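> below: sequence and its predicted model.
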Amino acid sequence: MKLHYSVTKLLCACMVMATLNACEKNNDTNPDPDPDPTEEHQYAAVVCIGSWPSTAYYIANVPSLTEGTITIQGNGAEMTGKVYAQDVPQKNGYYYHANAGSGRFGKYHVENGTLIVDKEIPYTWLNWSSYVWVDDETMVIFGTGADDDEVNEGRYSIVKVDDMTITNGKLDLKAFPNADFTNYSIGFAEYRSGKLFIGYQFASDDWSTYPVMKIYNELDIAVVNYPDMTLSNNISDIRSTTPGGPIVYAPSSFVDENNDLYFVTDPVSGYDYESPSVIYRIKNGETELDGSYYFNLSSKTENGMGAAMWYIGNGKAIIRTRVAGETIDLDHFYTIVDVRNGNFIKKLDLPADKGERMVQAVVVEDGKAYIAVNAEDKDYIWQYDPSTEALTPGAEFIGGIDYILRLEKVK
């Protein structure tokens, strides 16, 4: 089977890490089948239990971020068989999952301890990498063609989630520079003031020299008018590669209070072991990179790579960071940076997060950040207060949960 730098490949990495973590922790895989249907919670976590290939995935209610325990016993809706692993973006309590391999795109919610299918539609248009909400009822997703003969084009779907109707189309991306690069890798996506900003790069389809790959030393951002999806501008830069993503797993960009757009690059995830991880800015009203701004994250973090990024307000962001190497599946740590001024603040004194990059680990609320950490022994949600720089352990995951894949606010 022909391999591509795609969601499918990255999901395999997640499965391997779930296996490794399952060897280290308690594996109680018998959740209580009778959850309390009267309980309603503001937060939820997607978790994995078991050892590959006998893994199972659950959405667990999180009663509190700051205290108590979280378990799937009497508290977990199983996703296995309906939704594949953790690429399940959530909004207002509804989960969305596109799987071209299974030929379906679905909308789901949790009710009485069960994952309910609200609607599933036939879908084979693209392998998704990224998405963005242009309003509460419209999600735009991005990726490449689903079949081997179609991966060499960028695609999009505009999804009206109320009734799950879809409009498909092709992205007007730059032509491949030469015969060595025959695929696109889609990165971050943001919507701002009637325009979509979609990061991407050229990728090689030759896996014969893996883990060393042919690298085209350039990143690109397509600036696309919405809703007609015509190209407004294409931005290129050669100082880094891999402009975030796939963000169906974790974010790598944001728009702040000033309407400035920031994104972080992660070259190692694109098999580039030489380029630095960099934060870029596109200022309010502009469709070009801010020429006065270049934040070399690697130079501030012992050659660290920015695997994900969450905005916490007042110009500050949390970066999920790992030491550069020849794999994306190394221990991660969390770094606080001042993106507005381009300053490194500190590495958070948290346990090393075991495993790979695809973790939606941070919830920001009331000026504080809540970080789910997959530690060597006990897994906590940690509260970080930027006003005092205090770190406090909160709720603990117990009862056979091997890996926390997503933590998020659902109401």
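Received it, and whenever you're ready, just let me know what you need. Source: prediction; values computed, not measured.

> mind listing what's buried along the host helix or strand of Asn234?
In this structure, Asn234 sits in strand 231-237 according to DSSP states H and E. Residues of strand 231-237 classed as buried: Asn234, Ile235, Asp237 (neighbour count, 16 or more other CB atoms under 10 Å). Heads up, the C-betas are built off the backbone N, CA and C, glycines and all.

> Tyr108 - that's part of a strand, no?
Yes: using DSSP: H, G, I helix; E, B strand; the rest coil, the assignment for Tyr108 is a strand.

> and it, what does it touch?
Contacts of Tyr108 were listed using CB atoms under 8 Å, 6 or more residues apart in numbering, and they are Lys82, Val83, Val88, Tyr94, Tyr95, Tyr96, His97, Leu115, Ile116, Val117, Asp118.

> next: Lys195.
Lys195 neighbours (CB under 8 Å, 6+ apart): Val223, Val224, Asn225, Tyr226, Ser232, Thr287.

> please indicate which of the contacts of Tyr108 are buried?
Lys82, Val83, Val88, Tyr94, Tyr95, Tyr96, His97, Leu115.

> from memory the first one sits against Val117, does it?
Yes: applying CB atoms under 8 Å, one finds Lys82 in contact with Val117, separated by 6.7 Å.

> anything in contact with each of those two?
Shared contacts of Lys82 and Val117, counting by CB under 8 Å, 6+ apart, come down to Gly106, Tyr108.

> returning to that earlier point: in TSV, list the buried residues of strand 231-237 along with pLDDT.
Listed next are the buried residues of strand 231-237 as TSV, based on pLDDT from 0 to 100:
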residue	pLDDT
Asn234	98
Ile235	98
Asp237	98
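
> tell me which element Ala317 is part of?
Element membership for Ala317 (DSSP H and E) is strand 316-323.

> and that strand, what does it pack against?
Judged by 3 or more CB pairs under 8 Å, 6 or more residues apart in numbering; DSSP states H and E, strand 316-323 is in contact with strand 304-313, strand 332-338.

> Pro386: which of the ones you listed is closest?
Nearest to Pro386, of all the helices and strands packed on strand 316-323, is strand 304-313, at 6.1 Å by CB to CB.

> residue ranges in the stretch 1-150 of the chain under the pLDDT threshold?
Across the stretch 1-150 of the chain, the ranges flagged by pLDDT under 70 are 1-41, 51.

> helices along that one, start to end?
In the stretch 1-150 of the chain, the segments counted as helices under DSSP state H, counting those that start in this stretch are 7-22.

> residue ranges in the stretch 201-350 of the chain under the pLDDT threshold?
Along the stretch 201-350 of the chain, the model assigns pLDDT under 70 to residues 326.

> what segments of it are strands?
Taking DSSP state E, counting those that start in this stretch, the strands of the stretch 201-350 of the chain run over residues 219-225, 231-237, 253-255, 261-264, 278-282, 295-296, 304-313, 316-323, 332-338, 343-347.

> of those strands, which stretch is the most buried?
Highest mean neighbour count of the strands of the stretch 201-350 of the chain: strand 261-264, a mean of 27 (counted as mean count of other CB atoms under 10 Å).

> put the alpha carbons of that one into CSV.
What follows is strand 261-264, C-alpha atoms only, in CSV (Å, rounded to 0.1, in the frame of the first residue of the first chain):
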residue,chain,number,x,y,z
LEU,A,261,-3.0,35.9,13.2
TYR,A,262,-0.1,33.8,14.6
PHE,A,263,1.0,30.3,13.6
VAL,A,264,3.9,28.0,14.6
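
> enumerate the beta-bridge partners assigned to Arg281.
Beta-bridge pairing of Arg281 under DSSP bridges involves Tyr262.

> with Phe254 instead?
Taking DSSP bridges as the rule, Phe254 bridges to Tyr262.

> is it true that Thr55 touches Ile49?
Yes: with contact defined as CB under 8 Å, Thr55 reaches Ile49; the gap is 7.1 Å.

> tell me which residues touch Arg104, please.
Contact analysis of Arg104 by CB under 8 Å, 6+ apart lists Glu120, Ile121, Pro122, Tyr123.

> what subset of the residues you listed is buried?
So, by 16+ other CB under 10 Å, the buried ones in the contacts of Arg104 are Glu120, Tyr123.

> in strands only, show me the contacts of Arg104.
Using DSSP state E, the members of these that fall within strands are Glu120, Ile121, Pro122.

> tell me which of the residues you listed is nearest to Lys160?
Using CB to CB, these come closest to Lys160 at Ile121, 11.3 Å.

> contacting residues around that closest one?
When contacts are counted by CB under 8 Å, 6+ apart, Ile121 touches Arg104, Phe105, Gly106, Met164, Ile166.

> now it: how far from Gly81?
18 Å (CB to CB, to the nearest Å).
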